[in-house]
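**Q** Just the structure for this:
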Amino acid sequence: MKILGIGNAIVDVICKVNDQYLSDNKLVKSTMKLVDEAEFKKLLSTLKIEDTVSGGSVANSIVGLSQLGNKVGFIGKVNDDDFGQKYEDGLKKESVNFFYKKKKENLPTGTCLILITPDSERTMCTFLGTSGRINKNDVNVSSLKESEITLLEGYLWDEGEPKSAFDKAIKHSNKVAMSLSDLFCVERHKKHFLDLVKNKLDITFANEQEVTSLINAKNFEEIISFGREIQKILVVTRGENGSVAINKEGVIECQSRQNLKIVDLTGAGDLFAAGYLHGYINNLTISESLKNGTEMSSKIIQQIGARLI
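**A** Model prediction:
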């Protein structure tokens, strides 16, 4: 197996809203907020559902890698309920090995409201449900050892038990890649994330806003200096300014695609990571890997949802 992903198994509920809706509900655009089941249901009752898709950041990346022809697997916790079955069926449809045997849990399968504003930005309200209870006992060590790379997500750090799964994955993996996921996650776990990036990860994916916060950078030159100092691979997406990969040898840049009809930015970072990792595990150059990431993210933002159709 090429890559194993471990992340929150979340069913995405996609809705369109205006900026006033975000303001009225005290939501910060382009961030992720954790909500309880009551708040989730309250918000959902005021919305029109556009689509429902099995999602989660790492799962989106893993599906993208599968679509590119790679043998992949995923570990994420779901309940034995309707959403849990939908989630598992969605992975199987995409030829992803699901290394979790669902059973009846105290909490329902996790769900995420993805609120898309007219500028195509997405704001997320996540009820983790049972996905937020993944722990070390749910992590299959043999699948970790059989994988060339394990892909993790920063969102896993937003509950207590998942950290044990996180630590176990890092301990038994051949190589580890991780997405910082969200500015909310970075600011909440800055000390831990900085330690991971410096000492435990082989590849880190982040957007410019996230990595700026992580190291309190005053400008992009400080981000480049940091990336070269840690002697790992730091991949930074910069929106219209393209993307860069930074390692001890230098900086490789890739321009963004122009004149795209952007519909929804959901999954842009997830699919970028998929494209980059496809290049990495198939021995392409860093430049080619960045181009793959750009191509995948360019495709996903021209449709609704985080799965290529």
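**Q** And the residue positioned nearest the centre of the chain, how far from Asp80?
**A** Residue closest to the average C-alpha location in the chain (C-alpha atoms, centre = their mean): Ser57, at 2.8 Å. Note on Ser57: its distance to Asp80, by C-beta to C-beta, to the nearest Å, is 23 Å. (Each C-beta comes from the backbone N, C-alpha and C, glycine too.)
**Q** And the contacts of the helix or strand hosting Val13?
**A** Using DSSP states H and E, Val13 sits within strand 10-16. If you take C-beta atoms under 8 Å, 6 or more residues apart in numbering as the criterion, strand 10-16 is touched by 44, 47-56, 59, 83, 86-87, 109-117, 126, 128, 131, 264, 266, 304-306.
**Q** which neighbours does that strand have in its sheet, and in what orientation?
**A** When pairing is defined by DSSP bridges, strand 10-16 lines up against strand 49-55 (antiparallel), strand 110-116 (parallel).
**Q** mind checking which of these is nearest Ile252?
**A** strand 49-55 (29.8 Å; C-beta to C-beta).
**Q** From the contacts of strand 10-16, list the buried ones, please.
**A** Buried subset of the contacts of strand 10-16 (neighbour count, 16 or more other C-beta atoms under 10 Å): 53-56, 59, 83, 87, 109-117, 126, 128, 131, 264, 266, 304-306.
**Q** rewinding a little: got the CA coordinates for the strand holding Val13 in CSV?
**A** The C-alpha coordinates for strand 10-16 follow below in CSV (Å, rounded to 0.1, in the frame of the first residue of the first chain):
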residue,chain,number,x,y,z
ILE,A,10,-17.0,13.2,8.6
VAL,A,11,-20.1,13.4,6.4
ASP,A,12,-20.2,16.8,4.7
VAL,A,13,-23.5,18.6,4.5
ILE,A,14,-23.1,21.4,1.8
CYS,A,15,-25.2,24.6,2.0
LYS,A,16,-25.0,28.0,0.4
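**Q** Would you mind listing the buried residues in that strand?
**A** With burial defined by 16+ other C-beta under 10 Å, the residues of strand 10-16 counted as buried are Ile10, Val11, Asp12, Val13, Ile14, Cys15, Lys16.
**Q** Export the residues you listed to JSON lines and append columns for pLDDT.
**A** Output for these, formatted as JSON lines (pLDDT from 0 to 100):
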{"residue": "Ile10", "pLDDT": "92"}
{"residue": "Val11", "pLDDT": "91"}
{"residue": "Asp12", "pLDDT": "87"}
{"residue": "Val13", "pLDDT": "89"}
{"residue": "Ile14", "pLDDT": "90"}
{"residue": "Cys15", "pLDDT": "94"}
{"residue": "Lys16", "pLDDT": "95"}
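**Q** all strands for this protein, in order.
**A** Applying DSSP state E to the chain gives strands spanning 3-6, 10-16, 32-34, 49-55, 72-75, 97-98, 110-116, 122-127, 149-153, 176-179, 203-207, 233-237, 243-247, 250-254.
**Q** Surely Phe99 touches Phe74?
**A** Yes. Counting by C-beta atoms under 8 Å, Phe99 touches Phe74, with 6.9 Å between them.
**Q** which of these two has more neighbours?
**A** Phe74 (26 against 19; other C-beta atoms under 10 Å).
**Q** Can you tell me how far Ala273 is from Asn207?
**A** The spacing between Ala273 and Asn207, counted by C-beta to C-beta, is 11 Å.
**Q** Equivalent analysis for Leu22, please.
**A** Between Leu22 and Asn207 the distance is 20 Å, computed by C-beta to C-beta.
**Q** higher neighbour count, those two?
**A** Asn207 (23 against 17).
**Q** partner residues bridging that one?
**A** Asn207 has these beta-bridge partners by DSSP bridges: Thr237.
**Q** List the residues that contact it.
**A** Shown in contact with Asn207 (C-beta under 8 Å, 6+ apart): Leu180, Val236, Thr237, Arg238, Gly239, Gly269.
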